[in-house]
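K.L.:
with the input below, show me the fold.
(one chain, ligands or ions: 2)
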Amino acid sequence: MLVLGIETTCDETSAAVVRKRPEGGGEILANEIMSQIAEHAAYGGVVPEIAARAHVDYLDHLIRRALAGAGVALGQIDAIAASAGPGLIGGLLVGLTTGKALAWAAGKPFVAVNHLEGHALTARMTDSVQFPYMVLLMSGGHTQLLEVRGVGDYRRLGSTIDDAIGEAFDKVGKLLGLPYPGGPHVERAALEGDPARFDLPRPMAGRANPDFSFSGLKTAVRNEAARVAPLTKTDVADLCASFQAAIVDVIIDRTRAALRLSREDGAPPEALVVAGGVAANSAIRRALARFCGESGLRLVTPPPELCTDNGAMIAWVGIERLERGLTDSLNVAARPRWPLDDRLEARHHGKA
Ligand code: KG4
Ligand code: ZN
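P.N.:
Ligands and ions are numbered 1, 2, ... in the order given. Prediction:
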């Protein structure tokens, strides 16, 4: 089984071809990714209109390259999958419309993919992880703890009530004068810093409900920075180290709370899968490895290029859904907001 995947939800344009291995898992035949970081750097964040235009400029080219790299013609593809949300509407329309047009032209089934499902199922492509398992998604746009029970069967255990974790790293980087995106720079500066110099809060720590909050932590960093300004290189390093230490404590505390919930509800996960750009952070990885060791969980960390946004994860969801007969009509709409556990969300709003 061979699927073409298209990803355009945020600031990465990507097209990929993935084949299902007979023994399970996926083989990535091509995964073309064009990051727009340079286009957005001057603005210190993703500018939706610039992103949409860049997707228009790059996508056709990347699809052609992915097919050529995989050595297959469109006619040999079994289905076309494109992310349909959640994300920025301009980019979503570019990827979704392109995917539908290709599916129509080639007479192939179409799968409209929830981008979060892509992150959630990647570990099955790379490591053949079995259900149920837990996913900790930490990116510039999302911070969620998910219970993955099956394809299309997800439970969001917790998520952020304000900023995403990557956003918190980026805002702290910005206020300390580090380049965009701040995450990797904060990590590098923290290596030289004293994590105990600033006493920063651990928002939500100790609560049973595994939600996250980062805006208060960011504000605390800003206040400390203002108090000791003008900042020396040592001050910046100490602020980064103290901030990162608080982040690490919060992640472990929240993941522990999620695991407790999951175990209480009788769906004990065997593995913890991490995803998202922030999963590249070594201090966070080390702490999670220790936590998983103590908790009897297998820690699965897909390679960094599959933790961040990519077309291969979208193609993989296409494979998983096609196998189960879960395809979509060409009338399907883009959904800027699209929680993975739709049913819960509907109940939340008193609809279902
Ligand atoms: O998954 P990703 O590419 O998602 C989005 O496009 O949202 O993640 C990007 C985020 C950025 O906020 C970036 O600063 C953060 O991941 N990041 C890191 C590290 N590397 C990337 N944050 C902390 N430490 C890192 N080493
Ligand atoms: Zn993502």
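
K.L.:
tell me the bridge partners for S14.
P.N.:
Here S14 sits in beta bridges with E7, I33, going by DSSP bridges.

K.L.:
my read: it touches L306, true?
P.N.:
No - proximity of S14 to L306 does not meet the contact threshold set by C-beta atoms under 8 Å, at 11.0 Å. Yep, even glycine has a C-beta here, placed from its N, CA and C like the rest.

K.L.:
excluding its backbone neighbours, what's nearest E167?
P.N.:
Of all residues not flanking E167 in the chain, G140 sits nearest, at 5.9 Å (C-beta to C-beta, 6 or more residues apart in numbering).

K.L.:
burial measure for the one you found, as a count.
P.N.:
By other C-beta atoms under 10 Å, 24 other residues sit near G140.

K.L.:
then R290?
P.N.:
12.

K.L.:
can I assume it sits in a helix?
P.N.:
Yes - under DSSP: H, G, I helix; E, B strand; the rest coil, R290 sits within a helix.

K.L.:
the residue of the chain at minimum distance from ligand 2 sits in which helix or strand?
P.N.:
Here the chain gets closest to ligand 2 at one residue, D309, 4.4 Å apart by C-beta to the ion. Using DSSP states H and E, D309 sits within no helix or strand.

K.L.:
any figure for the gap between the nearest residue to it once chain neighbours are set aside and L217?
P.N.:
Excluding the flanking residues, the one nearest D309 by C-beta to C-beta, 6+ apart is E12, at 4.1 Å. Per C-beta to C-beta, to the nearest Å, E12 is found 27 Å from L217.

K.L.:
for the residue nearest the centre of the chain, grab phi and psi.
P.N.:
Taking C-alpha atoms, centre = their mean, the centroid of the chain lies closest to G276, which sits 3.6 Å from it. Dihedral angles of G276 (phi, psi; degrees, to the nearest 10) stand at phi 100, psi 160.

K.L.:
my guess is it meets T160, correct?
P.N.:
No - G276 is not in contact with T160 according to C-beta under 8 Å; the separation is 11.9 Å.

K.L.:
between S14 and L306, which has more neighbouring residues?
P.N.:
More crowded of S14 and L306, by other C-beta under 10 Å: S14, with 30 against 21.

K.L.:
which residues touch the more buried one?
P.N.:
With contact set as C-beta atoms under 8 Å, 6 or more residues apart in numbering, S14 has these partners: 5-8, 31-34, 62, 309-312, 314.

K.L.:
pick the one among those residues closest to ligand 1.
P.N.:
Taking C-beta to the nearest ligand atom as the measure, ligand 1 lies nearest D309 of the contacts of S14, at 5.4 Å.

K.L.:
in the helix of greatest length in the chain, what counts as buried?
P.N.:
Scanning the chain for the helix with the most residues, using DSSP state H, yields helix 233-264. Going by neighbour count (16 or more other C-beta atoms under 10 Å), the buried part of helix 233-264 is 235-248, 250-255, 257-259, 261-262.

K.L.:
close to ligand 1, is it?
P.N.:
No - Helix 233-264 lies apart from ligand 1 when judged by C-beta under 6 Å from any ligand atom; the minimum separation is 8.0 Å.

K.L.:
straight-line length of stretch 123-141, end to end?
P.N.:
20 Å (C-alpha to C-alpha, to the nearest Å).

K.L.:
and it, anywhere near ligand 1?
P.N.:
Yes - shown here: stretch 123-141 in contact with ligand 1 (C-beta under 6 Å from any ligand atom) through S139, G140, G141.

K.L.:
from L259, how far off is the second one?
P.N.:
Looking back up the chat, that one is G140. G140 sits 25 Å away from L259, going by C-beta to C-beta.

K.L.:
thinking again about what came up before, list phi and psi for the closest residue to the residue nearest to the centre of the chain other than its chain neighbours.
P.N.:
Sequence neighbours aside, S139 is the residue nearest to G276 in space, at 3.3 Å (criterion: C-beta to C-beta, 6+ apart). Main-chain torsions, S139, degrees, to the nearest 10: phi -130, psi -170.

K.L.:
can you pull the contacts of S139?
P.N.:
S139 makes contact with H119, A164, I165, G166, A275, G276, G277, V278, T308, D309 under the criterion C-beta under 8 Å, 6+ apart.

K.L.:
and the next helix or strand past the helix or strand containing R65?
P.N.:
Using DSSP H and E, R65 falls within helix 48-70. Downstream of helix 48-70, the first helix or strand assigned by DSSP H and E is strand 79-85.

K.L.:
helix or strand right after that following strand?
P.N.:
Under the assignment DSSP H and E, the closest C-terminal helix or strand after strand 79-85 is helix 89-106.

K.L.:
anything in the helix or strand just after that next one near ligand 2?
P.N.:
Per DSSP H and E, the first helix or strand lying C-terminal to helix 89-106 is strand 110-114. No - counting by C-beta under 5 Å from the ion, ligand 2 has no neighbours in strand 110-114; the shortest distance is 10.8 Å.

K.L.:
many thanks, I have nothing further to ask.
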